[in-house]
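Student: whatever this is, show me its structure:
(chains A, B, C and D)
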2 protein chains.
Amino acid sequence: MAQQGGRLRLVDVAEAAGVSIAAASRALSGSKGVSDAIAARVREVAAELGYVADAHARSLAGGASTSVGLLVHEIGDPYFSEIASGVLGVGAREGLTVQICHTGREPDNELVQVRALIANRVRAVIIAGSGFVDPRTQLAVKEELRGFQGSGGRVAVIGRHHLGVDAVLPDNVPGGRTITEHVLSLGHRRIAFAAGSLELTTVADRLAGAEQALSAAGLALADLPVVEAPFTRDGGKRAMARILDEHPGTTAVIALNDDMAIGALAVLRERGVPVPERMSVAGFDDVAVAEHLAPALTTVRLPMAELGEQALLMALKPKSARPRRRATPHRLVVRGSTAAPRS
Amino acid sequence: MAQQGGRLRLVDVAEAAGVSIAAASRALSGSKGVSDAIAARVREVAAELGYVADAHARSLAGGASTSVGLLVHEIGDPYFSEIASGVLGVGAREGLTVQICHTGREPDNELVQVRALIANRVRAVIIAGSGFVDPRTQLAVKEELRGFQGSGGRVAVIGRHHLGVDAVLPDNVPGGRTITEHVLSLGHRRIAFAAGSLELTTVADRLAGAEQALSAAGLALADLPVVEAPFTRDGGKRAMARILDEHPGTTAVIALNDDMAIGALAVLRERGVPVPERMSVAGFDDVAVAEHLAPALTTVRLPMAELGEQALLMALKPKSARPRRRATPHRLVVRGSTAAPRS
DNA sequence: GGAATGTGTGTAAGCGCTTTCGTAAGCGCT
DNA sequence: AGCGCTTACGAAAGCGCTTACACACATTCC
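Tutor: Numbering: from 1, shown residues only, chains lettered A, B, ... in the order given. Next up is the predicted model:
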């Protein structure tokens, strides 16, 4: 079973089975050109010896590679960890190992990490962070990915990017419209937005959806406060504080992700503002804890694990002539954090 | 910058710089034996061409490998994703790529995943899931890891295992004592435990700590209900429901992780049992959302990201003669979900 | 000044596997 | 029996890199 010194190699297995390493290789990799008898024997011997082929040697020789890369902003963030869960699930099913990198939200890191993944000859790379509105931001990454694709690599992104690759698109625009319509339908007119950096396409898209809903109701986004802060829990706190201080008449806050909504709720609790009686709060994403907050958060559900699954599946398909895009649905989830404004 | 067909190889760089591939290799890998002049030129040319060395070829030739593996139960679970965040952080700092596998909580998967990591010749593997009380459960994994270590691999686990390797130990026993002492000090005597599978060492250890606190107060764990259910949010719901139904006099519930506590709170909310007035609830771990629940959860904070960091750092150190263990601190975090029982 | 050192460079031997290619063997047919 | 055909198998050529090892060429020392 366990070997003491040197690892077991293919030749050891071949020898033990009394065949050439070519035959052993074919038997173990399941390729054609071996009799069933030999294949069976080799596999048996390999199992008995506990042999596991060296993935590096394999992909060096065969050019194949059995791993894929996933790039996220921060794996500790539930939004990304749920996406990662989807990716890992599909990966395991397909017999692929997944290398995860996180940029820690520092844009410069992205290039470094993408390079590392490419150096590891991953079969595909999945990029899950939000893109930037300004296409120039990711020029270097785009360039790198182009080379990667040129030599047979596959790339898929989750969310809008300017990378010209296959993409799984969360329903950011329609979702933004839906949640805004919901808040409007409750009767709110003095609505404020807690937004992440407007440079992020995710933020821009959700806001665009909101704008659609608002103009349908005869309102203009430009007339409403859109407070920009980091796209995190802490950013939510800061945004909420500013809304309270600078726009005291506000009756509803739409946070552009759940994390910010959680931060907003924290500030409201601290300041003794009852939710939803005095202030409605809505989020976006429906991370797992949203339903357990106090009050439970009204939000838009995005199928995060599914986003991850779809992205990997897409990347694993043979390359298409033109970038594919695949939209995913969203669903309004009304819970306790929103209600009609006090009359 | 970008290449069309075949990837750029070391020979291309060497040629472009007018040196041998040996010199180029030395220059790029930073090893000794090249003049500064040549090293600089090679690096310059490489950067200009956008050359990135093939990690597979590198580790096959050099035996080095620049990646590590992390095994968790479920990456979508905040407990694990925060650990992963710590691991990825250190990994990035050390220039290592991290392969993450999750077992999806199916024990059989563990062996498969460990093998995959070993096949990828990772430098180290970190196992973050809880171990099992019964050592036999992981015999095959242990065997596999022994072989891995025999050929120079490093292994570290987070939590108690019977794997005989370096370990970072969360403060499960002392933490169990602390949280139980807290509940006792509020005056509760009719305490119930919502526990994950008793097969898990994490659960067993936390319970052992609870027992210490109880006997110090003249109580016996055996006299108190310990309801076993899956170590998840859903398990927490089931456990809470049973406690309510079968032990109606209970005034405080100690859930053995935050996830279960969240489930318990959900059931209490549904059934209209006010927390903490009628039922105190305590958790364990202090995942990021614990403070944002309603009511905010009293719990024991474990430094999860740090656990991940420590584990990787430990695994990267040269092997010691005997397995190292490193304890991490815990801290009681009292929030709104616990209070004195109604007199 | 020649041996003993040290440094920088190139040549070539692998790392453990896959895969092409050549050969041998098995098959059905004339 | 002899012909082509298919199929099973092994020898050997790499995959892209690192790293002995060999070899100059400067130094330094007696």
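Student: okay, the residue nearest to the spatial centre of chain A and residue B:275: tell me how far apart.
Tutor: What sits nearest the mean C-alpha location of chain A, by C-alpha atoms, centre = their mean, is residue A:128, with 3.7 Å. To residue B:275, residue A:128 is 36 Å away according to C-beta to C-beta, to the nearest Å. C-beta here means a position set from N, CA and C on the backbone, and glycine is covered the same way.
Student: isn't residue A:195 right up against residue A:225?
Tutor: No: using C-beta atoms under 8 Å, residue A:195 is not in contact with residue A:225, being 9.9 Å away.
Student: more neighbours: the two, which one.
Tutor: Shown here are residue A:195 and residue A:225; by other C-beta atoms under 10 Å in any protein chain shown, residue A:195 has more neighbours (26 against 17).
Student: what is the more buried one paired to in the beta sheet?
Tutor: Beta-bridge pairing for residue A:195 (DSSP bridges): residue A:228.
Student: could I get the pLDDT score of the residue of the stretch 201-343 of chain A found nearest DNA strand C?
Tutor: Nearest to DNA strand C, among the residues of the stretch 201-343 of chain A, is residue A:318, at 16.8 Å (C-beta to the nearest atom of the strand). pLDDT recorded at residue A:318 is 85.
Student: likewise for residue A:117?
Tutor: At residue A:117, pLDDT is 94.
Student: what helix or strand is it on?
Tutor: Residue A:117 is located in helix A:107-119, with elements delineated by DSSP states H and E.
Student: grab the nearest non-local neighbour of the residue of the stretch 201-343 of chain A with the smallest separation from chain B.
Tutor: The minimum distance from the stretch 201-343 of chain A to chain B, using C-beta to the nearest C-beta, falls at residue A:294 (1.6 Å). Leaving out its chain neighbours, the residue that sits closest to residue A:294 by C-beta to C-beta, 6 or more residues apart in numbering or on different chains is residue B:294, at 1.6 Å.
Student: correct me, but that neighbour touches residue A:295?
Tutor: Yes: taking contacts as C-beta under 8 Å, residue B:294 lies within contact range of residue A:295: 6.8 Å.
Student: how many neighbours does the residue of the stretch 151-300 of chain A found nearest DNA strand D have?
Tutor: Residue nearest to DNA strand D within the stretch 151-300 of chain A: residue A:151 (9.1 Å; C-beta to the nearest atom of the strand). By the measure other C-beta under 10 Å, the count of residues near residue A:151 is 15.
Student: and the residue of the stretch 151-300 of chain A closest to DNA strand C?
Tutor: Residue of the stretch 151-300 of chain A nearest DNA strand C, by C-beta to the nearest atom of the strand: residue A:152 (13.2 Å).
Student: could you check the pLDDT of that residue?
Tutor: 85.
Student: tell me how many other residues surround it.
Tutor: Residue A:152: 14 surrounding residues under other C-beta under 10 Å.
Student: try residue A:241
Tutor: Count around residue A:241 with other C-beta under 10 Å applied: 18.
Student: show me what contacts it?
Tutor: Residues near residue A:241 by C-beta atoms under 8 Å, 6 or more residues apart in numbering or on different chains: residue A:267.
Student: which element follows the helix or strand harbouring it toward the C-terminus?
Tutor: Using DSSP H and E, the element containing residue A:241 is helix A:233-246. Using DSSP H and E, the helix or strand that follows helix A:233-246 in sequence is strand A:252-255.
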